[in-house]
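Q: Give me a model of this one.
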Amino acid sequence: MAIKLYKPTTPGRRKTSVISSPLVSKKAKLPKNLVTIRKKHSGRNNQGKITVRHKGGGEKRYIRIVDFKMDKYDIPAKIERIEYDPNRNANIALVCYRDGERRYVLAHEGIKIGEHIVSSKTKLTISEGNRFPLSLIPTGISVYNVELKPGTGGKLARSAGSSLTFIGIDGDRAQLKLPSGEMRIVSKDCCATIGTVSNSEYRNIRWGKAGRMRHRGIKPAVRGKVMNPCDHPHGGGEGKHPIGMKHPKTLWGKPALGVKTRKNNKYSDKFIIARRKKRR
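A: Take a look at the predicted model:
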């Protein structure tokens, strides 16, 4: 992976960069049984009301059906090609199992076309891309696509460049350290994939111009302080003024920026043994 910088032929190109990799295929023919049409909702619910702002437009996309379970155990799979997925920041890989079935899986960092990966519940083979229960994995190894409940498919560490650190086993629970510093416990029978998610350079992209954000389906966000008082709590005043209140608020008058949004007594609190590090 490498960051490609464009020549400043236009104002938009001057600060634009993209990720360039000869291994990643962007125009490959998609298997029909592994894609589905992505319907657009533009942030609206079933009543047509906007529940998520700043969404709309964007390029037409197909949803790639990614296998987060990798539940074909003890059957080696060959990496056929690495593909760009417009619906996530990580790359995906098309794998072909020995019995002929093809699936999409999350690509790991350092993946190579032609290599083999395997998923197993009994025999451990330490190699990036292989998937095993946490009870078999040695401590201190980086893992991704980790399950919260056995058999439900990976939920943790699925974004580009992310991984968790496997701390160890305590009874029937496995301890994991998240990138935020949070310590969480899950069942030792939960499966995880060894390695780190691919495309770690994604966070270094410079989008360059507003048009690229519109292609992603993200519409502009207007600051509250430039609105009128009837439209936002921060609105009103003369010139470039501060928000004029002790704490910032949302459009609906609720506290914003730094306020805890996690529910009290949430069901998963018992699985968190140490909260994330506080930012200074």
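
Q: Identify the single longest helix in the protein, thanks.
A: Criterion DSSP state H: the longest helix present in the chain is helix 210-215.

Q: Can you tell me what sits against it?
A: Gly12, Thr16, Gly57, Gly58, Glu59, Trp207, Pro220 (C-beta atoms under 8 Å, 6 or more residues apart in numbering). All C-beta atoms are positioned from the backbone trio N, CA, C, and that covers glycine.

Q: tell me the least confident of those residues?
A: In terms of pLDDT, the weakest of those is Gly12, which scores 89.

Q: do you know how far it is from Gly208?
A: To Gly208, Gly12 is 6 Å away according to C-beta to C-beta, to the nearest Å.

Q: Can you pull out the low-pLDDT segments for the protein?
A: Scanning the chain for pLDDT under 70 picks out 1, 278-280.

Q: now for it, which residue lies nearest the mean position of the chain?
A: Ser159 (2.9 Å; C-alpha atoms, centre = their mean).

Q: where's that residue, which helix or strand?
A: Counting by DSSP states H and E, no helix or strand carries Ser159.

Q: do the one 10 residues further on as well
A: Assigning secondary structure by DSSP H and E places Ile169 in strand 164-170.

Q: So what touches stretch 262-272?
A: Contacts for stretch 262-272 (C-beta under 8 Å, 6+ apart): Glu182, Met183, Arg184, Ile185, Val186.

Q: State the pair within the contacts of helix 210-215 that is farthest apart.
A: Thr16 and Gly57 (19.3 Å; C-beta to C-beta).

Q: circling back: spatially nearest residue to the residue nearest to the centre of the chain (excluding sequence neighbours)?
A: Distance criterion C-beta to C-beta, 6 or more residues apart in numbering; nearest residue to Ser159, sequence neighbours excluded, is Asn89 at 5.8 Å.

Q: cool, Met227 as well?
A: Closest residue to Met227 apart from its sequence neighbours, by C-beta to C-beta, 6+ apart: Gly235 at 3.8 Å.

Q: cool, and Lys112?
A: Nearest to Lys112 is Ile79, by C-beta to C-beta, 6+ apart, at 6.9 Å.

Q: hmm, back to that, residues touching the residue nearest to the centre of the chain, list them.
A: Counted by C-beta under 8 Å, 6+ apart, Ser159 has contacts Arg88, Asn89, Ala90, Val197.

Q: For it, give its distance to Lys149.
A: 20 Å.

Q: which one in this protein is furthest away from the centre?
A: Most peripheral residue of the chain (C-alpha atoms, centre = their mean): Glu238, 41.6 Å.

Q: my guess is Ile111 meets Arg81, correct?
A: No: under the criterion of C-beta atoms under 8 Å, Ile111 is not in contact with Arg81, lying 10.4 Å apart.

Q: What residues does the closest residue to Arg44 other than its chain neighbours make contact with?
A: Spatially, and ignoring its direct neighbours in sequence, Arg44 is nearest to Ile50 (5.5 Å; C-beta to C-beta, 6+ apart). Residues near Ile50 by C-beta under 8 Å, 6+ apart: Ser42, Gly43, Arg44.
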